[in-house]
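Student: Prediction below, plus the sequence it came from.
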Amino acid sequence: MTAMQIFFLIVGLVILGSALMVVTTHNLIHAALWLIVTLFGVAVLYAILNASFLAVVQVVVYIGAIAILFIFAVMLTRKEIRDHGPQLNSGWWLNVIIALLTFGGLLWMLQSWNGFSKTAADFPSSYDAVGQLGKALISPDAFVLPFEVASVLLLAALVGAVYIAFNPHSGDFRK
Amino acid sequence: MIPLSWYLIISAALFSIGLFGVLSRKNAVAILLGIELMLNAANINLVSFWRYGDISQMAGQVFAVIVFAVAASEVAVGLALVISVYRRRNTVIADDLDLMKW
């Protein structure tokens, strides 16, 4: 066991433990805060994988925007079932079985694949992964079309979110 | 060096936990939290396949960036729907929204 593997195991335990807290904890604000821990752990995994740009984007977009949006939404809708009453459906033990079956099935499928335990080649220190990613995103023979489609999707989601959440009875935007 | 299998096992476990959250939570916001966990599991897979494959092919990282964009728009629209439903029906419990149930 190298130090890297021990570090990886610690990060993995943090990710899975906080993910379990996200799906089981009673208070939804705490669930959103546990989600931040999970997302941060995933950002550490990206950093271990030499995907530095994605690690930064994970912190900025996921933790900085999405998790905060969740906290806002929980606070705006909180008076209903915050701290009392069961938070899980009555058939939750069935869902445990489904989740375990999915996990087992994925493991069984993966370990029958012959590339399952392969190790990575050393990352060349002169390789500019961020620059290559930027070039791949805007190069016409690579991924410029999916990139543009993603930006149109973001615009449509922005317009749709504003339209759905807009309350015509409050405010005077629509006089 | 860490073998690829460790990443795949962590990601499979994270996906299963997210699936459990989506299936068994009552609150609609908590269901969206479970979906975020599943999207993150997929992203770990994409990035680790990029790293353990040919690192000059950037497809894995590009897909991960697009998953970021999709996750952001999904959360924005989903939470807008939850807030709109809460304003009209005064509930965020997914079981109570049975208008289209026959």
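Tutor: Structure received. Just so it is clear, the structure is predicted and the values come from calculations on it, not from any experiment.
Student: Please compute how far the helix or strand of chain B with the lowest mean pLDDT lies from its chain's middle.
Tutor: Taking mean pLDDT, DSSP states H and E as the measure, the helix or strand of chain B with the lowest value is helix B:59-89, at a mean of 89. Remark: helix B:59-89 is offset 9 Å from the chain centroid, using CA atoms, centre = their mean, to the nearest Å.
Student: Which positions within that helix qualify as buried?
Tutor: B:59-69, B:71-86 (16 or more other CB atoms under 10 Å in any protein chain shown). Backbone N, C-alpha and C define where each C-beta goes, glycine included.
Student: restrict the residues you listed to contacts with chain A.
Tutor: B:59, B:61-62, B:64-66, B:68-69, B:71-77, B:79-84, B:86 (CB under 8 Å from any CB of the partner chain).
Student: for residue A:114, helix, strand, or coil?
Tutor: Three-state call for residue A:114 (DSSP: H, G, I helix; E, B strand; the rest coil): coil.
Student: Model confidence at it, what's the number?
Tutor: On the pLDDT scale, residue A:114 is placed at 80.
Student: Can you give me the neighbour number for it?
Tutor: Counted by other CB atoms under 10 Å in any protein chain shown, the residues lying close to residue A:114 total 7.
Student: now the one 10 residues further on
Tutor: The criterion is other CB under 10 Å. On that basis, residue A:124 has 11 neighbouring residues.
Student: Please apply the same query to the one 3 residues further on.
Tutor: Counted with other CB under 10 Å, the neighbours of residue A:127 add up to 11.
Student: That one: what secondary structure?
Tutor: Residue A:127 ends up coil, using three-state DSSP.
Student: who touches the nearest residue to it once chain neighbours are set aside in this structure?
Tutor: Among residues not flanking residue A:127 along the chain, residue B:55 sits closest, at 6.7 Å (CB to CB, 6 or more residues apart in numbering or on different chains). For residue B:55, the contacting residues are A:50, A:123, A:127, A:129, by CB atoms under 8 Å, 6 or more residues apart in numbering or on different chains.
Student: what's the helix or strand for residue 23?
Tutor: This is for chain A. Assigned by DSSP states H and E, residue A:23 belongs to helix A:3-24.
Student: Correction: the question concerned chain B.
Tutor: helix B:4-24.
Student: And that helix, what does it pack against?
Tutor: helix A:3-24, helix A:28-48, helix A:92-111, helix B:28-52 (3 or more CB pairs under 8 Å, 6 or more residues apart in numbering or on different chains; DSSP states H and E).
Student: and the longest one, does that touch chain A?
Tutor: Yes: under the criterion of CB under 8 Å from any CB, helix B:28-52 makes contact with chain A via B:29-30, B:32-34, B:36-37, B:40, B:43-44, B:47-48, B:50-52.
Student: Helix, strand, or coil at residue A:123?
Tutor: Reduced to three states by three-state DSSP, residue A:123 is coil.
Student: what's near enough to touch the nearest residue to it once chain neighbours are set aside?
Tutor: Of all residues not flanking residue A:123 in the chain, residue A:50 sits nearest, at 4.8 Å (CB to CB, 6+ apart). Residues counted as contacts of residue A:50 (CB under 8 Å, 6+ apart) are A:123, A:129, B:51, B:55.
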